[in-house]
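Peer 1: Sequence and predicted model, in that order:
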Amino acid sequence: MKIYKLTVVGTEEDFSINYTSTSDFMNYKSFEFEGSEEEKYVHFLEDLKKNGGPQPINIKVKMRTKTVDRALSKNEVLNLKSANDFVNKL
């Protein structure tokens, strides 16, 4: 079971998402996903579906138009099928 922490930076049209996870509550490790933001997001959803626990996904948003810390449930994130939908939800 993993706990996830995401950081979103940029603008709503040009963004990047940094994916980290931990299984021991202390040592977060970055995912080494390759490809476009959309491909990375799809890999993240697959990992979340397979390894995610009941804890919410912590999200730090540092975009030009907004800065906020959020937490979304696993099911809520799994229902957002594209990276653009995910960023727009924030």
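Peer 2: Cool, got the structure.

Peer 1: Need the contact partners of the longest helix along the chain.
Peer 2: Assignment by DSSP state H gives helix 37-51 as the longest helix of the chain. Contact with helix 37-51 is made by 1-2, 4, 6, 15-17, 19, 21, 31, 33-35, 57, 74, 77-78, 81-84, 86, as judged by CB atoms under 8 Å, 6 or more residues apart in numbering. To be clear about C-beta, it is placed using only N, CA and C from the backbone, and glycine gets the same treatment.

Peer 1: Show me what the helix or strand that comes right after that helix packs onto, helices and strands only.
Peer 2: The element immediately downstream of helix 37-51 (helix or strand, assigned by DSSP states H and E) is strand 57-63. Applying 3 or more CB pairs under 8 Å, 6 or more residues apart in numbering; DSSP states H and E, one finds that strand 57-63 contacts strand 3-10, strand 67-72.

Peer 1: Now do Thr20 against Lys62, distance only.
Peer 2: Distance, Thr20 to Lys62, using CB to CB, to the nearest Å: 14 Å.
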